[in-house]
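1. pasting the sequence and the predicted model now:
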Amino acid sequence: MAGMSQGSAYPEYTPTHSISSTVGVSRIGTRSPVLQSTEVDEWQAAVDGALARVARIEAAARQLNERTDQRGRSWSLPVEPKEQARVPVWTSRREWLRQFRHHTTTPAGKALCARNLIRPDKAYVVAQAHAHFAESHTGRGVCAAKSTIAARAKVSESSVNRARRVLIALGMGIEHVRGRNLRTLEFLAAEAHHGGQQHRAASTWSLSSPRTVVATTPPRKVAKTRLPRASERAPRRRARGPLKDGINRVNRPHSGRPGPIGADTLSSVGFLSSEVLPLGRTHQRVHARTESTPKKRSTSRSTPRPLALQRTAAELVTHAPALRPPGHIGAICDLLCDVKIDTTRWTGRDIALALSRDTADRGWIWPTKSSLSSPLGYLRRRLDGIDWSGESPSEQRKSADLARKREQQLLENSHVHRTKMAADPDHRAKILASIRAHLSKLQR
């Protein structure tokens, strides 16, 4: 029916031809210029309005990103500043982990972990993963996904949930915003922030060091080294006695000859005096002192340690700082020799990697430097429990590289062989001509 919308899915669009009121008479007409200009103006107004709305939405998204101080490669849910201000910041990442370890190893902490069906060491690993994603100064801004934290801690997501319950019970972890799907403006803000599509955001946490936790955590033990007093050093100076010319060796002024002013720990002259003496007199005094004093066991080595051994020990304490000895690093070299590790095949990084794998296989965690009273004893116990006769990770990598190079060489040789065996254009033309001639004979 004319004037009705039945039978038309788009009633707002008018047809290009109109039917007159006279029955049986159809009249094809064109639109008037006034109507066309009106439609163009309406279309332009609609486009301008849409562009204005898009600009307002983009400006709102940028303002939201600036107001919430978005960082990283994902968009996090905003937290009210007043709510964050009520949460105390942590002492530091290292101190916060030490506080968490202490409060989970006490009888009350072990009972709390048992109620939440998680071991204290596994809870510590999850807490360490949370601390990795937190801001270093405040401990806030932990907005990593649960799967990301579980992958870093090498545990399941259910273990992350249990460890978070322990954090909440101790007051050392506060969940400000629960993870959810993003709204329209938040979705656009996330796209403006990192350029990708993000439909969901993880929970936002803050790691805190409450006053009760800080007060009940024992202070860190610091090893104090006592320097020898002047009264203890005086007899040694007096024992040296005056020189032949009557001038005391200690009070004698420095000569004009070039040489070291103070005692050099790598020179035998530095242990005897602070002046430069002629070579003959120096050797005579050393010989006289050796004859006058009783023989003691020499602590210096007659031959230097191999360079590979020293490099291995240095790499080991670099990759495992908790194993650094309190004294000279030569103790690590002697320990590696006692365990009979071939340092020409095993580097310090290989040894640290083997220790880490053995720790993970046993279900342990690496101790902190403050918790080790004897790093050398701990290292000897760990090294004795590992078989060092097999291939080192460096040798395994070299073998894999050689195998990969052989495969690449074979592939390149096969490509060269195929290129050589390919027929030239003249030969292909002759073969095609003979095939065409044969086919033409068959058609006849």
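-> Nice, I can see it.
2. export stretch 359-370 as PDB, just CAs?
-> Once non-C-alpha atoms are left out, stretch 359-370 reads as follows in PDB (Å, rounded to 0.1, in the frame of the first residue of the first chain):
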ATOM      1  CA  THR A 359      67.500 -27.100  43.500                       C
ATOM      2  CA  ALA A 360      64.300 -27.200  41.300                       C
ATOM      3  CA  ASP A 361      64.400 -31.000  41.100                       C
ATOM      4  CA  ARG A 362      64.600 -31.300  44.800                       C
ATOM      5  CA  GLY A 363      61.800 -28.800  45.400                       C
ATOM      6  CA  TRP A 364      64.100 -26.400  47.200                       C
ATOM      7  CA  ILE A 365      64.700 -22.600  46.800                       C
ATOM      8  CA  TRP A 366      67.900 -20.700  46.700                       C
ATOM      9  CA  PRO A 367      68.900 -19.400  50.200                       C
ATOM     10  CA  THR A 368      69.700 -15.800  50.700                       C
ATOM     11  CA  LYS A 369      73.100 -14.500  51.600                       C
ATOM     12  CA  SER A 370      72.000 -13.500  55.100                       C
END
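3. strand partners (parallel or antiparallel) of the strand or helix carrying residue 175?
-> Assessed by DSSP states H and E, residue 175 sits inside strand 173-177. Take DSSP bridges as the rule and strand 173-177 pairs in its sheet with strand 204-207 (antiparallel).
4. show me what the very next helix or strand once past the partner strand is in contact with.
-> For strand 204-207, the following helix or strand on the C-terminal side (DSSP H and E) is helix 211-216. Here helix 211-216 makes contact (CB atoms under 8 Å, 6 or more residues apart in numbering) with 88, 91, 99, 103, 170-172. (C-beta placed from N, C-alpha, C; glycine too.)
5. so which two of those residues are the farthest from each other?
-> Maximum pairwise distance among those (CB to CB): 15.4 Å, between 88 and 103.
6. which one's more surrounded, the two?
-> More crowded of residue 88 and residue 103, by other CB atoms under 10 Å: residue 103, with 21 against 17.
7. nearest residue to that one in space, please, no chain neighbours.
-> residue 109 (4.8 Å; CB to CB, 6 or more residues apart in numbering).
8. now swap in residue 369 and tell me
-> In this structure, residue 369 finds its nearest non-sequential neighbour in residue 322, 4.5 Å apart by CB to CB, 6+ apart.
9. list the contacts of the one you found.
-> Residue 322 sits next to 366-369, 372, 375 when contact means CB under 8 Å, 6+ apart.
10. ok but residue 98 is inside a helix, no?
-> Yes. Counting by DSSP: H, G, I helix; E, B strand; the rest coil, residue 98 is located in a helix.
11. number of residues surrounding it?
-> Residue 98 has 18 nearby residues by other CB under 10 Å.
12. residues touching it, list them.
-> Residue 98 makes contacts with 217, 220, 368, 370, as judged by CB under 8 Å, 6+ apart.
13. which residues sit in contact with the spatially most central residue of the chain?
-> For the chain, residue 132 is the residue whose C-alpha lies nearest the centre (CA atoms, centre = their mean; 8.3 Å). By CB under 8 Å, 6+ apart, the contact set of residue 132 is residue 152.
14. where does the residue nearest to residue 103 land on pLDDT?
-> Residue 109 is assigned a pLDDT of 93 by the prediction.
15. likewise residue 11?
-> 46.
16. still on that earlier bit, secondary structure, pLDDT and distance to residue 417 added to the contacts of helix 211-216, as a markdown table?
-> A markdown table is the format used below for the contacts of helix 211-216 (DSSP: H, G, I helix; E, B strand; the rest coil; pLDDT from 0 to 100; distance: CB to CB, whole Å):
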| residue | secondary structure | pLDDT | distance to residue 417 |
| --- | --- | --- | --- |
| 88 | coil | 90 | 72 |
| 91 | coil | 90 | 68 |
| 99 | helix | 94 | 67 |
| 103 | helix | 94 | 69 |
| 170 | helix | 94 | 68 |
| 171 | coil | 93 | 71 |
| 172 | coil | 94 | 66 |
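17. and those as CSV, adding distance to residue 39?
-> Shown next, in CSV, are these (distance: CB to CB, whole Å):
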residue, distance to residue 39
88, 65
91, 69
99, 72
103, 74
170, 69
171, 67
172, 66
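18. please pick the buried ones from those residues.
-> Buried residues within the contacts of helix 211-216, counting neighbours by 16 or more other CB atoms under 10 Å: 88, 91, 99, 103, 170-172.
19. residue 367 in helix, strand or coil?
-> Three-state call for residue 367 (three-state DSSP): coil.
20. skip the chain neighbours and tell me the closest residue to it.
-> Spatial nearest neighbour of residue 367, excluding adjacent residues (CB to CB, 6+ apart): residue 322 at 5.9 Å.
21. how close does that neighbour sit to residue 159?
-> As for residue 322, its distance to residue 159 is 24 Å (criterion: CB to CB, to the nearest Å).
22. packing partners of the host helix or strand of residue 55?
-> Element membership for residue 55 (DSSP H and E) is helix 33-68. With contacts defined as 3 or more CB pairs under 8 Å, 6 or more residues apart in numbering; DSSP states H and E, the packing partners of helix 33-68 are helix 184-194.
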